[in-house]
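here are the coordinates; sequence isn't available:
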């Protein structure tokens, strides 16, 4: 603590009497400002905190640093506070590039080199700042809501007693000017903030703890906006928040969509019916540089069918241009990469396929008559539905692969017109019984089972669809002695998009399966990230 005769204390005889100041959290934002009592104008600036023999945040750093480890992981687990901010400022001092190095345990690096230890510490600093940013967002939104409430309750200045503007409008105008955002934006922000504080207490608490980002919190508010029943809102938070801190905002959004459909199936079906009536259509919007955007809003199964057909046509066009023969497939890059179930095509190739299809039908209109007269093809989609919903005993939503939950009636209609795939597994291990563990290439049924089970790439934070991913052996396949380890079984296989398959193969990431079926990932910096088994879509 600074000596009591420091010049900036002014007339205070004993700073200990100020019980609302936590002196252990005394922090500098720069050389001339400190958290606590206002600095009098006649105060002499303090050039360096070290002049008082102590460094803000140093106590926290000493407490976290321990034998045989670097500070990064410990910092990432600290709850946000002014003390954490001070500690991070101590570590991340641009005037002293060696500041971070000083805090690496002198007993020896945990990683393979001092450079890796420094990198690990810096990653931890970035994580800690990310938690601080979330905490700051929570404080900001709480302050905005308090300011709004205070201004709404202020007496009206109108002498007649009939204000032309409501208090809410006056508050919005004041806050929009103060926060430098538009009137439309402030209205939306106030509404989101109000819902966060009143309808989503669990989400707000996680935001205050720095365990969710502002993007996560916005996803909760936006996806749950159609729900009005407090019981439904509580049920959604109960289903998703436990896993939310380990998810990306996009992954959380998908979990929320599934949870909302599950807790309110009737509302989910009603919203689909209304949207299908009001929103379905094809529209063209001019863009700069002689381009246009053609947008088709379709029911989800129809959209998946269209996309699948465009992928097939685009792949055929690519083979025609390249001269590749029928049945020849590109095995892809990376050790252990396997051809995907669906062809990999880019957005530009789909656009080419759409133009070719439209031009062919325009040039040969007689084809349209034949297409309309033909028996409709089965939808090119995969839907998962529980047995009780299939039998009409419940109205739980089904799951459309590549999209998400769909109303029970739509799922039953798709299932009635589809081809069923039955998988027999060992109840103790979940292993597909007809797997071939000593063969490197998975069978078609093994691939189909893994794709249906995992849904997406199993790398942390990745949402690439499993249909277009490689199947990766979590424990490497032993080509010299297949019986020795790394079997080709559903337990040891997981979808991995090409980017993350190559990252694991060539850039030092190690993986293994935990007893509960999750996949643990060890990075080159020694950090471990675990990806849990995804919940069954209809659970």
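Nice, thanks for sending it over. Computed from a predicted model, the values in this text were never measured in an experiment.

now do the contacts for residue 217.
When contacts are counted by CB atoms under 8 Å, 6 or more residues apart in numbering, residue 217 touches 137, 196, 200, 203-204, 207. In short, each C-beta sits where N, CA and C put it, glycine included.

if we go to 10 Å?
By CB atoms under 10 Å, 6 or more residues apart in numbering, residue 217 lies in contact with 134, 137-138, 141, 192-193, 196, 200, 203-204, 206-207, 244, 249, 252.

likewise residue 212?
Residues in contact with residue 212 (CB under 10 Å, 6+ apart) are 131, 134, 137-138, 202-206, 218-220, 241, 244-245, 247, 249, 252.

in helices, which of those appear?
Taking DSSP state H, the ones among these that sit in helices are 131, 134, 137-138, 202-206, 218-220, 249, 252.

now, of those residues, which are buried?
By neighbour count, with 16 or more other CB atoms under 10 Å, the ones in helices among the contacts of residue 212 hold 131, 134, 137-138, 202-204, 206, 218-220, 249, 252 as buried.

mind putting these in TSV, distance to residue 361 and pLDDT included?
Below are these laid out as TSV (distance: CB to CB, whole Å; pLDDT from 0 to 100):
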residue	distance to residue 361	pLDDT
131	55	94
134	52	96
137	51	96
138	55	96
202	52	95
203	49	96
204	53	96
206	52	96
218	42	97
219	40	97
220	44	98
249	40	96
252	41	96
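
tell me the one among these nearest to residue 177.
Nearest to residue 177, judged by CB to CB, of those is residue 137 at 20.6 Å.

any idea how far that closest one lies from residue 410?
According to CB to CB, to the nearest Å, residue 137 and residue 410 sit 38 Å apart.

one more: residue 205?
Going from residue 205 to residue 410 by CB to CB gives 36 Å.

residue 287 too?
33 Å.

now swap in residue 80 and tell me
Distance of residue 80 to residue 410, computed by CB to CB: 44 Å.

check residue 436 too.
Residue 436 sits at a distance of 36 Å from residue 410 (criterion: CB to CB).

between these two, which is the more surrounded one?
residue 410 (21 against 15; other CB atoms under 10 Å).

that one and residue 304 touch, don't they?
No: under the criterion of CB atoms under 10 Å, residue 410 is not in contact with residue 304, lying 11.9 Å apart.

name the residues contacting each of these two.
With CB under 10 Å, 6+ apart as the test, residue 410 and residue 304 both reach 383, 400.

quick one: the strands in the stretch 401-539 of the chain?
Ranges of strands in the stretch 401-539 of the chain, per DSSP state E, counting those that start in this stretch, are 404-406, 470-473, 493-496, 510-513, 519-522, 528-531.

now mean neighbour count, distance to residue 480 and mean pLDDT too, for those strands, in CSV please.
Shown next, in CSV, are the strands of the stretch 401-539 of the chain (neighbours: other CB atoms under 10 Å; distance: least, CB to CB, whole Å; pLDDT from 0 to 100):
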stretch, mean neighbour count, distance to residue 480, mean pLDDT
strand 404-406, 22, 43, 89
strand 470-473, 25, 14, 94
strand 493-496, 27, 20, 94
strand 510-513, 16, 20, 94
strand 519-522, 18, 24, 95
strand 528-531, 14, 29, 92
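
where does the stretch 251-400 of the chain have low pLDDT?
Applying pLDDT under 70 to the stretch 251-400 of the chain flags residues 324-344, 375-380.

quick check, central residue of the protein?
Centroid check for the chain by CA atoms, centre = their mean gives residue 248 as the closest residue, at 1.4 Å.

quick check: that one vs residue 219, distance?
10 Å.

same question for residue 315.
34 Å.

repeat that for residue 151.
Distance from residue 151 to residue 219, by CB to CB: 29 Å.

repeat that for residue 193.
Distance, residue 193 to residue 219, by CB to CB: 15 Å.

distance to residue 387 added to the buried ones among the ones in helices among the contacts of residue 212, as CSV?
Listed next are these as CSV, based on distance: CB to CB, whole Å:
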residue, distance to residue 387
131, 43
134, 41
137, 44
138, 43
202, 32
203, 33
204, 38
206, 35
218, 36
219, 31
220, 31
249, 33
252, 28
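
show me how far stretch 454-467 is from its chain's centre.
Distance of stretch 454-467 from the chain centroid (CA atoms, centre = their mean, to the nearest Å) equals 12 Å.

repeat that for stretch 184-202.
Distance of stretch 184-202 from the chain centroid (CA atoms, centre = their mean) equals 20 Å.

next: stretch 514-521.
Distance, stretch centre to chain centre, for stretch 514-521: 20 Å (CA atoms, centre = their mean).

hmm, who's touching it?
Here stretch 514-521 makes contact (CB under 10 Å, 6+ apart) with 429-430, 453-454, 458-460, 472, 474, 491-492, 494, 496, 500, 503-504, 509-513, 527-533.

try it again at 7 Å.
Applying CB atoms under 7 Å, 6 or more residues apart in numbering, the contact partners of stretch 514-521 are 430, 458, 460, 474, 494, 509, 511-513, 528-533.

what's the span of that stretch, first residue to last?
10 Å (CA to CA, to the nearest Å).

and if you look at stretch 474-494?
The separation between the terminal residues of stretch 474-494, taken as CA to CA, is 7 Å.

equivalent analysis for stretch 504-523, please.
First-to-last distance for stretch 504-523 - CA to CA - comes to 9 Å.

how many neighbours does residue 250 have?
There are 12 residues near residue 250, going by other CB under 10 Å.

quick one: residues contacting it.
residue 463.

separation between it and residue 273?
With distances taken as CB to CB, residue 250 is found 26 Å from residue 273.

which residues in the stretch 101-250 of the chain form helices?
114-152, 167-179, 183-199, 201-208, 214-223, 230-240, 249-263 (DSSP state H, counting those that start in this stretch).

the contacts of stretch 514-521: which two are farthest apart?
Maximum pairwise distance in those, criterion CB to CB, is 24.4 Å, between 430 and 509.

what is the strand or helix carrying residue 358 packed up against?
Using DSSP states H and E, residue 358 sits within helix 347-363. Applying 3 or more CB pairs under 7 Å, 6 or more residues apart in numbering; DSSP states H and E, one finds that helix 347-363 contacts helix 300-322.

list the buried ones in the helix it packs on?
Buried positions in helix 300-322, judged by neighbour count with 16+ other CB under 10 Å: 300-301, 303-305, 307-311, 313-315, 318-319.

about what we covered before: ok, residues contacting the helix holding residue 358?
Contact partners of helix 347-363, identified using CB under 7 Å, 6+ apart, comprise 310-311, 313-314, 317-318, 367-368.

same question, stretch 181-201
Taking CB under 7 Å, 6+ apart as the rule, stretch 181-201 contacts 141, 144-145, 148, 172, 175-176, 203-204, 217-218, 220-221, 233, 237.

and with 10 Å instead?
Counting by CB under 10 Å, 6+ apart, 138, 140-146, 148-149, 168-169, 171-179, 203-204, 206-207, 217-218, 220-222, 224-225, 227-228, 230, 233-234, 236-237, 241 sit against stretch 181-201.

in ChimeraX, how would I select the buried members of these?
Applying 16+ other CB under 10 Å to the contacts of stretch 181-201, the buried members can be selected in ChimeraX as follows:
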select :138,141,142,144,145,148,171,172,175,176,203,204,206,207,217,218,220,221,224,227,233,234,236,237,241
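
sort out which residues of stretch 401-415 are buried, please.
Residues of stretch 401-415 classed as buried: 401-402, 404-415 (neighbour count, 16+ other CB under 10 Å).

sort out which one of these lies nearest residue 345 for me.
For the buried residues of stretch 401-415, the nearest to residue 345 is residue 402 (14.2 Å; CB to CB).
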